[in-house]
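Peer 1: the following block contains a protein sequence and its predicted model.
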Amino acid sequence: MTGERDLRTLLSGMRPELNVGRYVFTTVPDGAAPTGVAPVVTVTEREGLTLVLPEEEAVAAGLTYDYVAAWITLRVHSALDAVGLTAAVALALTDAGVSCNVVAGYHHDHLFVPHGRGTEAVGVLEALAAESGQDAPDMP
């Protein structure tokens, strides 16, 4: 299945979904996730393995963190080479004063925003989707 590339279609159809839970970013220097954790995102960096995982798993594994996030999934199937979705979403959240960390999966984009602002961020994104779905004004 090919992902969507048209920016207007991506924005109007993004259907942001707030996932349940509190998610944290942590790192393990040896590059191996501890037993008992199931990260939703991993990124290998020179400094170590970054894990994004449920807060309770990080606590149980004794992992340190300093950022607790809400996880929002954009339900539209975006193509990995689509242009503008991340920028448009970031701008809308920037205008609302909401920080955002974006991770692209094969099928969907995932946003991590401050946990206490997750519902607000979804509202901002739903407004952006509604605005993008309106008919464009006629051009002369």
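Peer 2: Received the coordinates, thanks.
Peer 1: residues in contact with the spatially closest residue to Ala60 that is not a sequence neighbour?
Peer 2: Sequence neighbours aside, Gly36 is the residue nearest to Ala60 in space, at 6.5 Å (criterion: Cβ to Cβ, 6 or more residues apart in numbering). Just so you know, the C-beta spots here come from the backbone N, C-alpha and C atoms, and that holds for glycine as well. By Cβ atoms under 8 Å, 6 or more residues apart in numbering, the residues touching Gly36 are Glu57, Ala60, Ala61.
Peer 1: again, but for Tyr67
Peer 2: Per Cβ under 8 Å, 6+ apart, neighbours of Tyr67: Val24, Phe25, Pro114.
Peer 1: still on that earlier bit, could the contacts of Gly36 go into JSON lines alongside distance to Ala92?
Peer 2: What follows is these, written out as JSON lines (distance: Cβ to Cβ, whole Å):
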{"residue": "Glu57", "distance to Ala92": "31"}
{"residue": "Ala60", "distance to Ala92": "35"}
{"residue": "Ala61", "distance to Ala92": "35"}
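Peer 1: which stretches in the protein count as strands?
Peer 2: 16-18, 23-28, 41-45, 48-54, 68-74, 101-104, 109-114 (DSSP state E).
Peer 1: residues in contact with the residue nearest to Ala70 when sequence neighbours are not counted?
Peer 2: Excluding the flanking residues, the one nearest Ala70 by Cβ to Cβ, 6+ apart is Gly118, at 2.7 Å. By Cβ under 8 Å, 6+ apart, the residues touching Gly118 are Leu18, Ala69, Ala70, Trp71, Ile72.
Peer 1: measure the residue nearest to Cys100 when sequence neighbours are not counted to Gly3 for me?
Peer 2: Leaving aside its sequence neighbours, Cys100 sits nearest to Leu93 (Cβ to Cβ, 6+ apart; 4.7 Å). Here Leu93 is placed at a distance of 22 Å from Gly3 (Cβ to Cβ, to the nearest Å).
Peer 1: which one of those two has more residues nearby?
Peer 2: More crowded of Leu93 and Gly3, by other Cβ atoms under 10 Å: Leu93, with 22 against 15.
Peer 1: what's the pLDDT at that one?
Peer 2: pLDDT, Leu93: 98.
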